[in-house]
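J.: dropping the sequence and predicted coords here.
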Protein chains: 8
Amino acid sequence: MEQWDIRHLLQRVADGSVSIDEALLRIKTEPFAELGYAKPDYHRGIRQGIAEVIYGQGKTAEQIIGIINALQAHGQQTVLITRLDTEKAEAVNKEIPLTYHEMGRIGIAGKMPEERKGKIIVATGGTSDMPVAEEAALTAEVLGNNVVRLYDVGVAGIHRLLSHTEEIMSARAIIAIAGMEGALASVIGGLADCPVIAVPTSVGYGAAFGGLAALLSMLNSCASGVSVVNIDNGFGAAYQASMINQMGEK
Amino acid sequence: MEQWDIRHLLQRVADGSVSIDEALLRIKTEPFAELGYAKPDYHRGIRQGIAEVIYGQGKTAEQIIGIINALQAHGQQTVLITRLDTEKAEAVNKEIPLTYHEMGRIGIAGKMPEERKGKIIVATGGTSDMPVAEEAALTAEVLGNNVVRLYDVGVAGIHRLLSHTEEIMSARAIIAIAGMEGALASVIGGLADCPVIAVPTSVGYGAAFGGLAALLSMLNSCASGVSVVNIDNGFGAAYQASMINQMGEK
Amino acid sequence: MEQWDIRHLLQRVADGSVSIDEALLRIKTEPFAELGYAKPDYHRGIRQGIAEVIYGQGKTAEQIIGIINALQAHGQQTVLITRLDTEKAEAVNKEIPLTYHEMGRIGIAGKMPEERKGKIIVATGGTSDMPVAEEAALTAEVLGNNVVRLYDVGVAGIHRLLSHTEEIMSARAIIAIAGMEGALASVIGGLADCPVIAVPTSVGYGAAFGGLAALLSMLNSCASGVSVVNIDNGFGAAYQASMINQMGEK
Amino acid sequence: MEQWDIRHLLQRVADGSVSIDEALLRIKTEPFAELGYAKPDYHRGIRQGIAEVIYGQGKTAEQIIGIINALQAHGQQTVLITRLDTEKAEAVNKEIPLTYHEMGRIGIAGKMPEERKGKIIVATGGTSDMPVAEEAALTAEVLGNNVVRLYDVGVAGIHRLLSHTEEIMSARAIIAIAGMEGALASVIGGLADCPVIAVPTSVGYGAAFGGLAALLSMLNSCASGVSVVNIDNGFGAAYQASMINQMGEK
Amino acid sequence: MEQWDIRHLLQRVADGSVSIDEALLRIKTEPFAELGYAKPDYHRGIRQGIAEVIYGQGKTAEQIIGIINALQAHGQQTVLITRLDTEKAEAVNKEIPLTYHEMGRIGIAGKMPEERKGKIIVATGGTSDMPVAEEAALTAEVLGNNVVRLYDVGVAGIHRLLSHTEEIMSARAIIAIAGMEGALASVIGGLADCPVIAVPTSVGYGAAFGGLAALLSMLNSCASGVSVVNIDNGFGAAYQASMINQMGEK
Amino acid sequence: MEQWDIRHLLQRVADGSVSIDEALLRIKTEPFAELGYAKPDYHRGIRQGIAEVIYGQGKTAEQIIGIINALQAHGQQTVLITRLDTEKAEAVNKEIPLTYHEMGRIGIAGKMPEERKGKIIVATGGTSDMPVAEEAALTAEVLGNNVVRLYDVGVAGIHRLLSHTEEIMSARAIIAIAGMEGALASVIGGLADCPVIAVPTSVGYGAAFGGLAALLSMLNSCASGVSVVNIDNGFGAAYQASMINQMGEK
Amino acid sequence: MEQWDIRHLLQRVADGSVSIDEALLRIKTEPFAELGYAKPDYHRGIRQGIAEVIYGQGKTAEQIIGIINALQAHGQQTVLITRLDTEKAEAVNKEIPLTYHEMGRIGIAGKMPEERKGKIIVATGGTSDMPVAEEAALTAEVLGNNVVRLYDVGVAGIHRLLSHTEEIMSARAIIAIAGMEGALASVIGGLADCPVIAVPTSVGYGAAFGGLAALLSMLNSCASGVSVVNIDNGFGAAYQASMINQMGEK
Amino acid sequence: MEQWDIRHLLQRVADGSVSIDEALLRIKTEPFAELGYAKPDYHRGIRQGIAEVIYGQGKTAEQIIGIINALQAHGQQTVLITRLDTEKAEAVNKEIPLTYHEMGRIGIAGKMPEERKGKIIVATGGTSDMPVAEEAALTAEVLGNNVVRLYDVGVAGIHRLLSHTEEIMSARAIIAIAGMEGALASVIGGLADCPVIAVPTSVGYGAAFGGLAALLSMLNSCASGVSVVNIDNGFGAAYQASMINQMGEK
């Protein structure tokens, strides 16, 4: 309920074309569906420019189906479901056609955007970081961005990364994904002239402490222009990278 | 030493206008000053679009003066020094004229940029977060951005924040600064349609654990479009916010 | 064994109607059952106004049956068993009729209270917090309170919560349940004029660290009137909320 | 801005006694002062029943004076300032008459409430917990509650606590304050029939880790009816205890 | 190889009854078996008064059999195997007759000591602590001590514990076992006049952090005379309690 | 108030030599002084065999004087004050004659015990552990034990420790004090046949984390017969070691 | 691409035997294979003297086969695969002959080195540390070193270790592997005159916290000449020990 | 006391040239000084090839003087004192001539070694790491090694490090010192063919947690051949690097 709406409503109350009770009702109307177990947000597209996304983990297939139906009934063309395991994807697919990407645990209901803009690089330190990277890359593609994947360019063989310097220099946003010591973000941060979103992964063992080492490393990056999202949060990084990548286009 | 330079150099070697030894020398020339205690980076402006910044903490006044001199001699017009305490600022000021902002612990040698672009909001949860906020705001201004300060809009009195919804909706980047439970980032993240850079602060006591509570809170933000920098890292947030704010201008 | 009992007993010793040995025995009599593996507390109802509850986890079905029998034999009408998994519930049910709520892992032996008082709100940040919320809501109902459920009102879509402001303003106690960054407690705490019991949940991933992020966030709430119970402790929150809700009735 | 206000305003817009622009202005009017560095909340008294309190730490004496002036100008009779050190208290006192309690670091501007209700017990494990206890006790008194202090009743000499069982049984809310192992909360929680707010303190050394041991201990209390606030947060405990103590009086 | 042995050996070298090479060999002889995967210690009985015990976890059934055989061949009458799961116990039992206690995960090869001395109390906070308690109680019995079990005497119902005050006052060593907030150790420590060995258990959830809360609580005990062993280490507590209990007998 | 007292009192009530009110009063009489800020425990000597000790930290000199006076007035001959800094010691000394040991921060009011029994070894890993060691050694001496000091016998030069094997073998209790990696406890634990009380110290830097490394190390000791007290808790170790050392004498 | 190669290439560009485009191409040629999911490093042998090793965890059997093929095609004679579970080893073995060591989870494709040099000791605290020890020992053997295994020489029976003093004194590098309190590294560090690489293992329970206790203990070793690798990182220790052992041979 | 000594001693006992008591005495003679507060180790030079070093922190000037005197009296030519602050250095210098290096907090009594061997690189991420670097560099020089200092070569400007590739390729051991994210160790580890000893420093703020971030990062290095010492432990790194650097020379 934005301010211009209130002004407009007040004008109609003033000229009698809307009754007080009706006005009160409209102000009270919830801009979201009430499903009991969930309240999908219809206004997010207006508020944030990107429509509601479903976080699949901790929801039943039935709940996911219910939310997709509510969003599609409300006019949302593409619904992205993240953290969707194979079993639930199959259950959902029986009700609603779904494109499912197993490695990235991503389901997509509806059609992909036809046009893709700009350039987002998704880089990983190692092969084991690929599930997080695919979550990020697919999300970015669903949100209408061109994506370049640079996998296994960790800093222990720095020449593998440096051979892509030109690619890095021409990106509009970079997602740097790494587990273990997470040094990739700092090195890329020092090479790039665009924002770098760092994603620590839970890849590693022992003192990696489930991604804590990479997280702390990335938060302490000595390179400027690096910010960090939660461990394994490929989606969150892609969401912000998409916002950044599409800024120049507005 | 970028690739187009190598191509150019190779051409000149091929046509004999540059000797092999000279070419080798150029390839070897370090793009940074060698001061012994520091190696200020002359290429950062080229590589990252923003010139070298000096992190004042842990450096002596003499070292800071040496680095400023090296950067100015190399043509850098504005030198930003962060985490500069009053005592060192006075010592530096005797050698090099300096504008000093005590609350944000920021020193500026040289002139401020004349033109400022776009709009970055710097919001804080409370009055005590102001030192970090001023570090961020001043950095953003030095980097040529318009800055709007929204201080003390913490979520315990949510109407204080909501009264600025319009301001928030029109920003190009937002820096959300909060200690204690750090909930500000999530609420702003849910309202804004631009990237939000969250800065946890060490403000608080007890189980705030020097900013850890706010840091974890922000990393786990349920709002999309939020990324996080280190505790109290106002500079880092401003640096990335500036990159984002100026994207549309390129 | 309260003080007035001692006085009464002393009078009867003084007038000879009770022998010394008998008096000594009564003072020594344990106000709890001795089952070897457990000592169910018969006096809790007197001491605390709420009868003994069985924490099901880490107890075998046999032990649970034994304790229910002891409590019922001692006159307790309703026995609440928390953290009871489906398998154990079925095993218990073969011996003692049990109403079982799977999502909240709650078993109830005996009849529900007929009258319910006041109003406790159980609010959650997301759909995934529902198991904890149901543990809280069912416990509160067993203890004789009216419960209003507000699920999925997390702060990333603050209007979903604000649309219930009136409900929140009229509650006598609120249980705010959230995982991830746990900001819900602070926002509700700023809106409500009754005590808020915050329950961090283990919902989340990565730097949520099994509920630690939400726990620290809630402990550092900048809103006044918020206290916190253990991660996932829906029962504990409901127990205290019930005490509070029923205070005015005494 | 509550709903009945909107309804009233709409009626006046409908009958022409208020113009659209004026209505819009009123809706937009911030229910808080704008001091730049702070936004004291004038509505808290309406919303939460307890007027705005100033957290003194991290604010300058000038800022504190400014906020007291704004609140008093807005009609608030008693202003409580917590975490106020001696030096700042003296500086404030030069401008605004202040009653200052050094041990509890509490300043009070304006007059104390004449009537006190109910009974809140403030209990501590040891002598060293007194600063936190006094913060709690004084806050509770400012908020209009009768307070009983039970200091140094730690569980290592359980008879000291048990000698006060009758007192404990008759309280309407109990604040249990302890550092080190924090066991006091559990033992009181098992004796009392009213809500217990536990306050871990940073008293202790070594593996007390600044109050972490007591905090974890209290969160894991095996007694029902215990909730916890932040380490050393005497104010927060008193605020909630006051809400609870005064419930029956409404 | 103790000093008196060296003196004796030197005398025999001096009088020629032992050759230099033989003396050297004896000094070099290892007072333990060399099994490749393990080096069971034959001298522990001499050095510490209690014979070698086998920690079953992380060893294969074959390795355990090998070590039992080596110890028995060397004359050890009773071999205690701790942390022995049911499957391995059955596998060992096929080779070597074994008494197996499932709850305490304890296997005993050979005969139990006929005489038991003194009195060790094994007390637990709750029913769920019984596996650790049985590990302690059985170990203490194997080592020749009288054991009194006091289970489910947690501090939330302090009268359950106080009803055993006389028992506690007459013990020679007490093992206090508790998870969650671990307050049992402090309360017993305040009542008893003998050493209390506290064992935190991993029982609990959420902020119990696998026993960390109880561990910290016990380390910070405000009662004197309390020391602590590792989480769930019933064996270690019993071992030391046995040493203490048998001191007066020496 | 022990059970035999109750029996005796009941007899006197029965024969009329004690009135009901008087009996009730006696039962209610607190076995501790009520100083407001503290409740020194007069019964500890009876209950635990060792009289009340004052923990000096966090108490003012006035409070300490008050408690000493109360204890001495009640007949306690020797009062031990731990964690007493030089300044407070001097302030106390003006009122009550005090023997003060600066390194161990120990004050002693009254006379030392004339007879000392048994043998307690106080061993340290390094020279820097001496303040904790002296707190332990002096406490043990005040409690009437013979003490042998073995300082700087850390495991990096294992021969320094092994040269004292005979001494170690003849002790009745050993206090093993070490910072850094705390390995001393394990090595001594493997050599000794008496209980070892391990005291981690906050000596060290970096990943010593204020004694955490030594604490964890000691809790995980692979040697049997080792228990642990809080970081730097020399007093606590000595208290328990004294209990153990004097067991055989009872 | 080393400097001498650039000089040589420049000479050939200068004399026209290599064209500019060809030179540019060579400079750009990546010294690694591009498999999409991985970028095996062909230059590591040249750069570091030890050829590329495959970390098996988190890679599929197909990916491992692909990388082995790429490395063998590029001339690498022996390919070591670490953290390879039995199932994957069998799958790989169907395509490429593999020697598989189950305890150490090590696979070896190609032939073992014929000559072994020097002497590396691999010592463990207990039997349960053997999987890590075998990973280290086998890695060291693949890299061409003589290995002496000393298993179960933990410090609780120090004579077991001391009986190998001569062996320890003659090693060129020692790998000290221990879980629990990790004291082995300090004791060996004090005995040896060669570098000691300490490997904490995740063996233990409770406050071992998955190897954290041993890790902190080893980092704080009071012995000089000890450095540490990640928890359970037998490979990493062996890699560095091999570098050290073979230094004298260069 | 090595084995060949025992053989020799036994021969002399056999031929009567040494009496039994004298032999016993020799075996018992402690190879260290007994200063009460310290036991300096005379055998370390024999055992480890490097003479005893004094860790200055936590020792008084008097104790340091005492230990230097004991070592010099025993023939040690160069005594290194680490962590020696300016004040103590001056106090020591009054008794014993001392060369003092303030930045590295290193004192040297006696003469420096005349010959230096091999090549150790000491590299730092930033200027603020210099105190730790100088501790390392000076220690390495005292131990007779050639040292090359590469300061401020952090990974955010990777070309600064790469310009020294040749230097790095020719080192025999490298000490990589960095705070913040500690990525330097991994990048150097990927470039070098010699062992890399990583030293995390406490430089940084916020989530650097006093060096913890760098420590975890370095322990999780994806580069092989990297091991780690304690935070700020420049001495420890230099000690091991010296051992490695001098291996080929033996």
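T.: Done, it's in.
J.: can you get me a residue count around the residue of chain A found nearest chain E?
T.: Here chain A gets closest to chain E at one residue, residue A:209, 13.5 Å apart by Cβ to the nearest Cβ. Backbone N, C-alpha and C define where each C-beta goes, glycine included. Neighbour count of residue A:209, defined by other Cβ atoms under 10 Å in any protein chain shown: 21.
J.: repeat for the one 10 residues further on
T.: Applying other Cβ under 10 Å, we find 31 residues neighbouring residue A:219.
J.: ditto for residue A:139
T.: Burial measure for residue A:139: 28 neighbouring residues, criterion other Cβ under 10 Å.
J.: touching, it and residue A:234? I think so.
T.: Yes - the pair residue A:139 / residue A:234 is scored as a contact, 6.8 Å apart, by Cβ atoms under 8 Å.
J.: is any residue of whichever strand or helix holds residue A:168 near chain G?
T.: Per DSSP states H and E: residue A:168 is located in helix A:165-169. No - judged by Cβ under 8 Å from any Cβ of the partner chain, helix A:165-169 makes no contact with chain G; its nearest approach is 9.3 Å.
J.: in that helix, which residues are buried?
T.: Residues residue A:168 are the ones in helix A:165-169 that count as buried (16 or more other Cβ atoms under 10 Å in any protein chain shown).
J.: anything in it near chain H?
T.: No - residues of helix A:165-169 are not located near chain H by Cβ under 8 Å from any Cβ, the shortest gap being 9.9 Å.
J.: what's that helix packed up against?
T.: Counting contacts by 3 or more Cβ pairs under 8 Å, 6 or more residues apart in numbering or on different chains; DSSP states H and E, helix A:165-169 packs against helix A:184-191.
J.: residues contacting residue A:204?
T.: Residues in contact with residue A:204 (Cβ atoms under 8 Å, 6 or more residues apart in numbering or on different chains) are A:179-180, A:211, A:213-214, H:220.
J.: and residue A:91, how many neighbours?
T.: Residue A:91: 15 neighbours (other Cβ under 10 Å).
J.: repeat that for residue A:12.
T.: Look at residue A:12: counted by other Cβ under 10 Å, it has 14 neighbours.
J.: and it, that's in a strand?
T.: No - Residue A:12 is assigned helix when assessed by DSSP: H, G, I helix; E, B strand; the rest coil, not a strand.
J.: gap between it and residue D:15?
T.: To residue D:15, residue A:12 is 15 Å away according to Cβ to Cβ, to the nearest Å.
J.: not counting sequence-adjacent ones, nearest residue to the residue of chain A closest to chain E?
T.: residue H:216 (7.1 Å; Cβ to Cβ, 6 or more residues apart in numbering or on different chains).
J.: can I see the domain layout of chain A?
T.: The record's domain parsing of chain A by automatic domain parsing lists A:6-109, A:117-249.
J.: could I get those domains as TSV with mean pLDDT?
T.: Formatted as TSV, the domains of chain A follow (pLDDT from 0 to 100):
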stretch	mean pLDDT
domain A:6-109	79
domain A:117-249	92
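J.: out of those, which one sits most buried?
T.: Across the domains of chain A, averaging neighbours per residue (mean count of other Cβ atoms under 10 Å in any protein chain shown) puts domain A:117-249 on top, at a mean of 26.
J.: mind exporting stretch A:76-88 as CSV, just the C-alpha atoms?
T.: Coordinates of each C-alpha in stretch A:76-88 appear next as CSV, following Å, rounded to 0.1, in the frame of the first residue of the first chain:
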residue,chain,number,x,y,z
GLN,A,76,3.5,-14.7,-11.8
GLN,A,77,4.9,-16.2,-15.0
THR,A,78,8.0,-17.9,-13.7
VAL,A,79,8.2,-19.5,-10.2
LEU,A,80,11.7,-20.5,-8.9
ILE,A,81,11.9,-23.2,-6.2
THR,A,82,15.3,-23.5,-4.5
ARG,A,83,16.6,-26.3,-2.2
LEU,A,84,14.3,-28.8,-3.9
ASP,A,85,15.3,-32.4,-3.5
THR,A,86,14.7,-35.0,-6.2
GLU,A,87,11.8,-36.7,-4.4
LYS,A,88,9.8,-33.5,-3.8
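J.: before we move on, back to that, residue D:71 is nearest to which of the domains of chain A?
T.: When those are compared by Cβ to Cβ, domain A:6-109 sits nearest residue D:71, at 29.7 Å.
J.: list the strands paired with the helix or strand following the helix holding residue A:168, with their directions.
T.: Counting by DSSP H and E, the element after helix A:165-169 in chain order, helix or strand, is strand A:173-178. Its sheet considered, strand A:173-178 pairs with strand A:117-124 (parallel), strand A:196-200 (parallel) by DSSP bridges.
J.: can you redo the ones you listed as JSON lines with distance to residue F:243?
T.: Shown next, in JSON lines, are the strands paired with strand A:173-178 (distance: least, Cβ to Cβ, whole Å):
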{"stretch": "strand A:117-124", "distance to residue F:243": "59"}
{"stretch": "strand A:196-200", "distance to residue F:243": "49"}
